[in-house]
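S.K.: Sequence and computational prediction follow.
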Amino acid sequence: MTFLPPGVDAFTAALLVAISFFTSALTAAFGIGGGIAMLGALAGTVAPNIIIAVHGVVQFGSNIGRAFLQKDFAHWPAIWRFLAGSIVGIAVGAWLFTALPERVLLGLLGLFILAMVWLPKPRIPGLSHAGLILGGLISSVLTMFVGATGPFVQAVLMPLGLDRKGQIATHAVMMTAQHALKVLAFGFIGVALVAWLPLIAAMVASGFAGTVLGTRLLDRMPERFFQITLKILLTLIALDLLRKAAGIALPGL
């Protein structure tokens, strides 16, 4: 009997558990970034048709502890409006997900990672109550395909003028709710994750440890060096996804 999902050996599983620790540490230190890095790591291991589902479960586990601990600082009226839009967005995204071919998904992942790494994150001026609902809808459609929409949701929250604790707590609750809806949607449309549950549980546990210890560990690394290295790695991963989406084979493979 094995606790590993099909196609994943023990070394790869251990590597994913370790990556979950460090990506959670990244999120703990900088607020965002860990979800995108985890997406890149999974892209080289997990079949394209379940990448986003596995990523969603891992990110749900990563966010729920932070959301629970910081719930008293969260801006709940904004959360409920965002959630209303998310429910509609997840339904639309689930319908679109079943209609897109594998290479299109790979291309979307690659383009999204490049955009998050290199393009400035947008500010959304004059965000009204309807704007929060619209932000929940749009990000929830996107999350069914690209997974790591944390930076977009941060941009949705910026015009509210929340303080640091309010911003982080509200973002954590929103992302927890969105990932929970996404996991339910993938189950409903028949994405099978049972074989992945033991590995996902290990990744969630290591991610919690990374959240607790991440800030202390990352403070010792020069920020400029870290940011440049991360950008380079994510860019290479994104370009490889686009190569696969285009059907271009590497020489000798």
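M.R.: Ah, there it is.
S.K.: Low-confidence ranges, the stretch 101-250 of the chain, go.
M.R.: Applying pLDDT under 70 to the stretch 101-250 of the chain flags the ranges 102, 105, 116, 121-130, 164, 214-221, 223, 226-227, 229-230.
S.K.: could you dump stretch 186-195 to CSV, C-alpha only?
M.R.: C-alpha atoms of stretch 186-195 as CSV (Å, rounded to 0.1, in the frame of the first residue of the first chain):
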residue,chain,number,x,y,z
PHE,A,186,-13.8,20.5,-8.7
GLY,A,187,-15.4,17.7,-6.7
PHE,A,188,-18.7,18.4,-8.3
ILE,A,189,-17.3,18.3,-11.9
GLY,A,190,-15.6,15.0,-11.2
VAL,A,191,-11.9,15.9,-10.6
ALA,A,192,-10.6,12.9,-8.5
LEU,A,193,-8.3,13.9,-5.7
VAL,A,194,-8.7,11.0,-3.3
ALA,A,195,-5.3,9.6,-4.2
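S.K.: Show which residues not belonging to it make contact with it.
M.R.: Stretch 186-195 is contacted by residues 5-6, 49-50, 52-54, 56-57, 94, 97-98, 200 when judged by CB atoms under 8 Å, 6 or more residues apart in numbering. From N, CA and C alone the C-beta is placed, and that goes for glycine too.
S.K.: now do 7 Å
M.R.: Stretch 186-195 is contacted from outside by 5-6, 50, 53-54, 56-57, 94, 97-98, using CB atoms under 7 Å, 6 or more residues apart in numbering.
S.K.: In whichever strand or helix holds residue 83, which residues are buried?
M.R.: Using DSSP states H and E, the element containing residue 83 is helix 76-97. Neighbour counts over helix 76-97 (16 or more other CB atoms under 10 Å) mark 78-79, 81-83, 85-86, 89-91, 93-94, 97 as buried.
S.K.: any chance of those in a markdown table, plus pLDDT and distance to residue 109?
M.R.: Formatted as a markdown table, the buried residues of helix 76-97 follow (pLDDT from 0 to 100; distance: CB to CB, whole Å):
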| residue | pLDDT | distance to residue 109 |
| --- | --- | --- |
| 78 | 90 | 28 |
| 79 | 93 | 27 |
| 81 | 92 | 28 |
| 82 | 92 | 24 |
| 83 | 93 | 25 |
| 85 | 92 | 23 |
| 86 | 92 | 21 |
| 89 | 90 | 18 |
| 90 | 89 | 18 |
| 91 | 87 | 22 |
| 93 | 83 | 14 |
| 94 | 81 | 17 |
| 97 | 72 | 13 |
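S.K.: Looking at those, point me to the pair that's furthest apart.
M.R.: Spanning the widest gap among the buried residues of helix 76-97 are 78 and 97, at 26.8 Å by CB to CB.
S.K.: Check the secondary structure at the residue nearest to the spatial centre of the chain for me.
M.R.: For the chain, the residue sitting closest to the mean C-alpha position, by CA atoms, centre = their mean, is residue 148 at 2.9 Å. At residue 148 the chain is in coil, as set by DSSP: H, G, I helix; E, B strand; the rest coil.
S.K.: Excluding chain neighbours, what is closest to it?
M.R.: Ranked by CB to CB, 6 or more residues apart in numbering and with sequence neighbours excluded, the top spatial neighbour of residue 148 is residue 35, at 3.6 Å.
S.K.: secondary structure element for that neighbour?
M.R.: Using DSSP H and E, residue 35 sits within helix 34-43.
S.K.: packing partners for that helix?
M.R.: If you count contacts as 3 or more CB pairs under 7 Å, 6 or more residues apart in numbering; DSSP states H and E, helix 34-43 packs onto helix 10-30, helix 51-69, helix 102-118, helix 223-246.
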